[in-house]
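**Q** coords please:
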Amino acid sequence: MFRFAVPLVLLFVAACSAPSRPQFPVPTPKKPIESTATPTPAAPKRAPWKPVKVVADAVDVPQQTVTVVRGDTLSGIGQRTGSSVQAIAQANRIAPPYTIEVGQVLTIPGGRYHTVKAGETGITIARAYGVDWEGIVTTNELKAPYTLRVGQRLRLPTKAQVREMTLAERAAAFTIDIDDLINGSEPAATEAAAAAHPAGETAPPQAVAALPPPPAFNGRFMAPVEGKLISRFGAKSGGLYNDGINLRAPAGAPIRAAANGVVVYAGNAVEGFGNLVLLKHDGGWVTAYAHAEDLLVIRGDTVRQGDPIARVGKTGSVDEPQLHFEIRQGKKPVDPLPLLPGAG
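**A** Predicted structure coming up:
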């Protein structure tokens, strides 16, 4: 289900000094005009947004049938039974706008249902119950961009199903990868923000702001750092796969946004990647920047191509300063080399 983008630096140390490896220059910022004005005090460091702790208070709903009476709506039946609009619609093959008729007999699927609350994300909900976020997406037929709403109810695996999970499935439930961050790290949206992606349930307002839309993108990426290629995209020995490229660069060197975008994640939740920034770009593109020493942006920041977003480091599972860089079209990783200027 998941792809692992492990940098594999140790397997490529011998090839790092090969003269045929392409270099990736980045534009040198113009020297600022000197000023005699009093320097502006540095802005205080901003605290990154963090999701709230999820309370595992899901309600067990028995399998049942309901006969529709005058005035019933699918949303109202969901509220009355503790189920969700999506689950009832799916079980009864009812398509949006979820029209039902008096006398119609509806199957109410049983299971555990969690009500989404302010500040929760798909990942934190999944981890609270020890289940896989991708499984929740599939069960509830969530569609991209996988926006949850406060008040929405999600159908979860039953306690018996969780007990029957294999060790590998349990481990996967607590393993976060870039796919999860792209599709499950956004906090539950306000009612207004979720209006563009209706889920069929009402949602009270909450405090977490939705991400701003990414700025216009001209379709051209720039090299995020000046460095030497030490690991290419694609399959590696031992059954591993690199979903991006790795560039050796001096510690502390600026890592720059490869294109205009919005920060959807800045943190260190993905094992092996160290400090990581994810940018969402117009047209469904996503770029990832891993192993950073310092992060210079937080979730929600809008950045322009060439803006510094982090500094090169060796955090995560690497032993020399470098950048692991990925470009994704939606959820699919693509080889960055053909998309970067100066690639050899």
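**Q** any weak-confidence spans in the chain?
**A** In the predicted model of the chain, residues 1-49, 190-209, 342-344 satisfy pLDDT under 70.
**Q** Can you tell me the SS state at the residue nearest the centre of it?
**A** Centroid-nearest residue in the chain, with C-alpha atoms, centre = their mean: Ile182, separated by 1.8 Å. The local conformation at Ile182, judged by DSSP: H, G, I helix; E, B strand; the rest coil, is helix.
**Q** and the residue lying closest to it once chain neighbours are set aside, what does it touch?
**A** Nearest-residue entry for Ile182: Val286, 5.7 Å, with adjacent residues in sequence omitted and distances by C-beta to C-beta, 6 or more residues apart in numbering. C-beta coordinates here come from the backbone N, C-alpha and C atoms, glycine included. By C-beta atoms under 8 Å, 6 or more residues apart in numbering, the contact set of Val286 is 182, 264, 278-280, 326-328, 330.
**Q** let's see it at 6 Å
**A** Val286 makes contact with 182, 280, 328 under the criterion C-beta atoms under 6 Å, 6 or more residues apart in numbering.
**Q** so it is in which element?
**A** strand 285-295 (DSSP states H and E).
**Q** Helices of the stretch 1-150 of the chain, residue ranges please.
**A** Along the stretch 1-150 of the chain, counting by DSSP state H, counting those that start in this stretch, helices occupy 74-81, 85-92, 122-129, 133-139.
**Q** May I have stretch 281-294 exported as CSV, CA atoms only?
**A** The C-alpha coordinates for stretch 281-294 follow below in CSV (Å, rounded to 0.1, in the frame of the first residue of the first chain):
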residue,chain,number,x,y,z
HIS,A,281,1.4,23.6,-5.7
ASP,A,282,-1.3,24.6,-8.1
GLY,A,283,-2.3,21.8,-10.5
GLY,A,284,-2.1,19.0,-7.9
TRP,A,285,1.7,19.0,-7.6
VAL,A,286,3.5,18.4,-4.3
THR,A,287,7.2,18.8,-3.4
ALA,A,288,9.0,17.3,-0.4
TYR,A,289,12.3,18.4,1.2
ALA,A,290,13.8,16.1,3.9
HIS,A,291,16.8,15.9,6.3
ALA,A,292,16.8,19.6,7.0
GLU,A,293,18.7,21.1,9.8
ASP,A,294,16.3,23.9,10.5
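**Q** List the buried residues for it?
**A** Neighbour-count burial for stretch 281-294 flags 281-282, 285-293 (criterion: 16 or more other C-beta atoms under 10 Å).
**Q** what do you get for stretch 213-231?
**A** Here stretch 213-231 shows 214, 217, 221-231 as buried, counting by 16+ other C-beta under 10 Å.
**Q** same check, this time on stretch 314-325
**A** The neighbour-count criterion (16+ other C-beta under 10 Å) identifies 314-318, 321-325 as the buried residues of stretch 314-325.
**Q** Show me how far it is from its chain's centre.
**A** Remark: stretch 314-325 is offset 21 Å from the chain centroid, using C-alpha atoms, centre = their mean, to the nearest Å.
**Q** can you check stretch 144-162 too?
**A** Its chain's C-alpha centre lies 16 Å from the corresponding centre of stretch 144-162 when counted by C-alpha atoms, centre = their mean.
**Q** I'd like the distance between Ile309 and Gly151.
**A** According to C-beta to C-beta, to the nearest Å, Ile309 stands 34 Å off from Gly151.
**Q** Tell me which of those two has more neighbours.
**A** Higher neighbour count among Ile309 and Gly151: Ile309, with 24 against 19, using other C-beta atoms under 10 Å.
**Q** Make sure the more buried one is indeed in a strand.
**A** Yes. Per three-state DSSP, Ile309 lies within a strand segment.
**Q** how much space is there between it and Glu293?
**A** According to C-beta to C-beta, Ile309 and Glu293 sit 12 Å apart.
**Q** List the residues that contact the nearest residue to Leu156 once chain neighbours are set aside.
**A** Using C-beta to C-beta, 6+ apart and skipping residues adjacent in sequence, the residue nearest Leu156 is Arg112, 4.4 Å away. When contacts are counted by C-beta under 6 Å, 6+ apart, Arg112 touches 58, 60, 156, 158.
**Q** repeat that with 8 Å
**A** Arg112 neighbours (C-beta under 8 Å, 6+ apart): 58-61, 129, 155-159.
**Q** Same question for Leu339.
**A** So Leu339 contacts 221, 327 (C-beta under 8 Å, 6+ apart).
**Q** I'd like to know how far it sits from Ala223.
**A** Leu339 sits 10 Å away from Ala223, going by C-beta to C-beta.
**Q** And Thr67, by the same measure?
**A** 63 Å.
**Q** for Thr302, same thing?
**A** The gap separating Thr302 from Ala223 is 21 Å, by C-beta to C-beta.
**Q** buried stuff in stretch 171-183?
**A** Neighbour counts using 16+ other C-beta under 10 Å place 172-173, 176-183 of stretch 171-183 among the buried residues.
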